[in-house]
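Novice: sequence first, predicted coordinates after that:
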Amino acid sequence: MRSEPHNLLKVYRLVTRRGQGPPVDHPDSGIGRQRPAGGPRSHPVGGRPRDAGYRQRRRNLIVIRNLVQDYEHIHTAIGISGNLLFVVGSVLFYKPFEQYHTLAVSLFVVGSVFMLIGSLGSGLRRLWQRREEESSSHT
């Protein structure tokens, strides 16, 4: 049987549709039984069901990982900025700067958050780097 190019494209679209595969034993699929549309996906190992947001969380993790590993200077700069804000906020707590108390508290809090972000970035980078070294030494 000769397949027309537009029929192959139609089959490809039916087969590759995520979460909405063609109906069971659909004649255009050509590959037999498909997963029912909308059913829970199972984890490739262990058969644990995946929830709907699994792929999005996985994509977000990959983006965060790339940002942390490839752009180390960003979380380092955020950490240094946090340190500076923290010091300035701390100085503004002294008695001569009492009129700047609200600003001091704000700088103190923002500086603390920036320092936390910088530390988390450095820690994650070291963790992922160590995991990659361990996995490369095992192969």
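Specialist: Structure received. Numbers count the residues shown, from 1 in each chain.
Novice: now do the strands in this protein.
Specialist: With DSSP state E as the definition, the chain shows strands at residue ranges 41-42, 49-50.
Novice: ranking the ones you listed by mean pLDDT, which is last?
Specialist: With a mean of 52, strand 41-42 has the lowest mean pLDDT of the strands of the chain.
Novice: helices of this structure, residue ranges please.
Specialist: In order along the chain, the chain carries the following helices (DSSP state H): 5-16, 54-70, 72-91, 101-138.
Novice: count the neighbours of the spatially closest residue to residue 72 that is not a sequence neighbour for me.
Specialist: Using C-beta to C-beta, 6 or more residues apart in numbering and skipping the chain neighbours, the partner closest in space to residue 72 is residue 125 (6.1 Å). Where C-beta positions appear, they are placed from N, C-alpha and C, glycine not excepted. Residue 125 sits with 19 neighbouring residues when counted by other C-beta atoms under 10 Å.
Novice: report pLDDT for residue 125.
Specialist: 87.
Novice: for it, what are its contacts?
Specialist: For residue 125, the contact set (C-beta atoms under 8 Å, 6 or more residues apart in numbering) comprises 68, 69, 72, 75.
Novice: tell me who's in contact with the last one.
Specialist: What it means is residue 75. Residue 75 is in contact with 68, 117, 118, 120, 121, 122, 125, counting by C-beta under 8 Å, 6+ apart.
Novice: give me the pLDDT value at the first one.
Specialist: The score at residue 68 is 77. That number is its pLDDT.
Novice: likewise the second one?
Specialist: The confidence metric pLDDT takes the value 91 at residue 117.
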